[in-house]
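Participant: coords please:
(one chain, ligands or ions: 1)
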Amino acid sequence: MKIAILNKGKEGKYFNQYPLIEEEDIFKSDRLEEGDLFQIKSSTNIYIATCYVGRQHKGLGWVLSYNANEKIDTHYFKALFETARETRNYYYQADGTNAFRLFNGEGDGLGGLTIDHYDGHLLIQWYSEGIYQFRKYIIEAMQAVFPFKSIYEKTRFKHNAIQSGWVLGEQPQFPIVIEENFTFYNVHLDDGPMTGIFLDQKEVRKKLRDYYSENRTVLNLFSYTGAFSTIAATKGAKTTSVDLANRSRQLTEENFGINGIDPTTQSIYVMDTFDFYKYAMRHGYRYDTIVIDPPSFARNKKKTFSVTKDYHQLIQQALRILNPGGTLILSTNHSMYTLNAFKNTIKSTLANEGVTYQIDEVMGLPKDFKTTSHYKPSKYLKVVFVTIEH
Ligand code: SAH
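Facilitator: Here you go, the predicted model:
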């Protein structure tokens, strides 16, 4: 097997099970190609771990095992998947939910790969060419371990050409209608990088429905397929969804429709968020709950937006159209934007605006998005619920 010797002083990090191999930690190595297995060793030639080469923006590859004799084959992946399946027992049995993440990369012991369960249709996402080279073993192991109707895949490593395809089982018809906390959502596995629903927000959606929707007006910014709007409307909220993308209108109407909500009773704007703020102010529109869940970076004709630099603007403007006693649900999935930094932005913005407020809740990833304490960026989701008193 190929060998990579670490720089002196870097072994501690990997002995402590840091799962991602970072190029700058390597002193010298054999020539490493995508999909190669290699061992990392200390500068004193002590074995630390067996890894594979799978370049992502994050690093060179991921640890597979801490046992030098472990064979990386179907059996290896079966053991990994069996553990993953057992920790999802709750979701397999939950009433009113049939979609969840089944295998969450490094959180489940192997980075570079995720598997989602959409009412029995399993979606594999391959994040590097390297992990894709283990495809045969992985699919064999999945067949042996997970119950499924079909297996579907998406390659995430060819940046401009995300490829999706049916692998085996019953060929799915899109949209697949999934259920989550007794609410229905359409899912398209064949449509670019996204599927129509972000499963990591399931608990945030539920909290929105249970505590911030009844008898309220709810504004959903960066609404995509209107998942937050849909669940809020099931509790009687009067919702407004805003997204720049044209396709969002129809997808949002369809999600209302499959939940028995007449889309004409709800408002949908295909508009830039900042333009919408101006529009709402001009018209005197006000909301009781405002959900802000932007992409980490966004670009439109006029400007670029980065959550780490510009989140405060979203909050400032939202305050101008929030009813007294209203709640902001502030979300970011940027892995390098820490919860502390995000909270500091929220607090300093609210202090500058001179409002009194209360943080009701801080939420992160649900249990199916399993994370590892050895790799902090895996806890990427941060959602802060703030009620503005006056
Ligand atoms: N909150 C959504 C997911 C948002 S995905 C959910 O829970 O399902 C990000 C969305 O932001 C995309 O649909 C994209 O079209 C939209 N978007 C990007 N820039 C935007 C802008 N400037 N104004 C409004 N929407 C924008």
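
Participant: Show the contacting residues for Gln39.
Facilitator: When the contact criterion is CB atoms under 8 Å, 6 or more residues apart in numbering, the partners of Gln39 are Met1, Lys2, Ile3, Ala4, Tyr47, Ile48, Ala49, Thr50, Cys51, Ala68. (Glycine included, C-beta is placed from N, CA and C.)

Participant: now swap in Glu11 and tell me
Facilitator: For Glu11, the contacting residues are Ser42, Ser43, Ile46, Ile48, by CB under 8 Å, 6+ apart.

Participant: gap between it and Lys58?
Facilitator: Noted for Glu11: a distance of 20 Å to Lys58, by CB to CB, to the nearest Å.

Participant: What of Lys367?
Facilitator: Relative to Lys58, Lys367 is positioned 23 Å away (CB to CB).

Participant: Of those two, which one has the most company?
Facilitator: Set side by side, Lys367 and Lys58 show unequal neighbour counts under other CB atoms under 10 Å, the larger going to Lys58 at 19 against 15.

Participant: re the thing from before, which one among the contacts of Gln39 gets closest to the ligand?
Facilitator: Taking CB to the nearest ligand atom as the measure, Cys51 is the one of those closest to the ligand, at 32.6 Å.

Participant: for the closest one, phi and psi?
Facilitator: Note on Cys51: backbone dihedrals following degrees, to the nearest 10 are phi -130, psi 170.

Participant: where does it land on pLDDT?
Facilitator: You'll see Cys51 listed with a pLDDT of 98.

Participant: Repeat that for His159.
Facilitator: pLDDT for His159: 68.

Participant: Could I get the full set of strands for the stretch 251-390 of the chain?
Facilitator: Under the criterion DSSP state E, counting those that start in this stretch, strands of the stretch 251-390 of the chain are mapped to 267-270, 287-292, 297-299, 304-306, 322-332, 357-363, 382-388.

Participant: Need the winner for burial among these.
Facilitator: The densest packing among the strands of the stretch 251-390 of the chain, expressed as mean neighbour count by mean count of other CB atoms under 10 Å, is seen in strand 287-292 with a mean of 24.

Participant: In the beta-sheet assignment, what are the partners of Phe297?
Facilitator: Beta bridges link Phe297 to Ser306, judged by DSSP bridges.

Participant: picking up where we left off before, next step: the contacts of Gln39 restricted to helices.
Facilitator: Using DSSP state H, the subset of the contacts of Gln39 located in helices is empty.

Participant: Let me have the residues you listed in JSON lines, adding distance to Asp25 and neighbour count as columns.
Facilitator: Listed next are these as JSON lines, based on distance: CB to CB, whole Å; neighbours: other CB atoms under 10 Å:
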{"residue": "Met1", "distance to Asp25": "19", "neighbour count": "11"}
{"residue": "Lys2", "distance to Asp25": "16", "neighbour count": "14"}
{"residue": "Ile3", "distance to Asp25": "14", "neighbour count": "14"}
{"residue": "Ala4", "distance to Asp25": "9", "neighbour count": "22"}
{"residue": "Tyr47", "distance to Asp25": "16", "neighbour count": "13"}
{"residue": "Ile48", "distance to Asp25": "11", "neighbour count": "20"}
{"residue": "Ala49", "distance to Asp25": "12", "neighbour count": "22"}
{"residue": "Thr50", "distance to Asp25": "16", "neighbour count": "21"}
{"residue": "Cys51", "distance to Asp25": "12", "neighbour count": "27"}
{"residue": "Ala68", "distance to Asp25": "19", "neighbour count": "12"}
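
Participant: Tabulate those residues in CSV, adding columns for distance to the ligand.
Facilitator: What follows is the contacts of Gln39, written out as CSV (distance: CB to the nearest ligand atom, whole Å):
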residue, distance to the ligand
Met1, 41
Lys2, 40
Ile3, 42
Ala4, 37
Tyr47, 43
Ile48, 39
Ala49, 35
Thr50, 37
Cys51, 33
Ala68, 43
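
Participant: about what we covered before: between which two of the contacts of Glu11 is the distance greatest?
Facilitator: Checked with CB to CB, the contacts of Glu11 reach their widest spread between Ser43 and Ile48, with 11.0 Å between them.

Participant: Report the contact partners of Phe181.
Facilitator: I think there's a mix-up here, since residue 181 is Asn and not Phe. Contact partners of Asn181, counting by CB under 8 Å, 6+ apart, are Gly96, Thr97, Lys202, Arg205, Lys206, Arg209, Ile231.

Participant: Show me those residues that map onto strands.
Facilitator: Counting by DSSP state E, none of the members of the contacts of Asn181 fall within strands.

Participant: Which of those residues ranks first by neighbour count?
Facilitator: Taking other CB under 10 Å as the neighbour criterion, Ile231 ranks highest of the contacts of Asn181 with 30 neighbours.

Participant: follow-up on the earlier one: can you say which of the strands of the stretch 251-390 of the chain is nearest to Thr83?
Facilitator: The closest of these to Thr83 is strand 357-363. By CB to CB, the value is 25.4 Å.

Participant: Would you mind listing what in this protein touches the ligand?
Facilitator: Residues of the chain found near the ligand, taking CB under 6 Å from any ligand atom as the criterion, are 198, 201, 222-225, 227-228, 242-245, 248, 272-273, 293, 295, 298, 300.

Participant: In PyMOL, how would I select the buried members of those?
Facilitator: Selecting only the buried members of the residues of the chain next to the ligand in PyMOL, with burial defined as 16 or more other CB atoms under 10 Å, works like this:
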select buried, resi 198+201+222+223+224+225+227+228+242+243+244+248+272+273+293+298
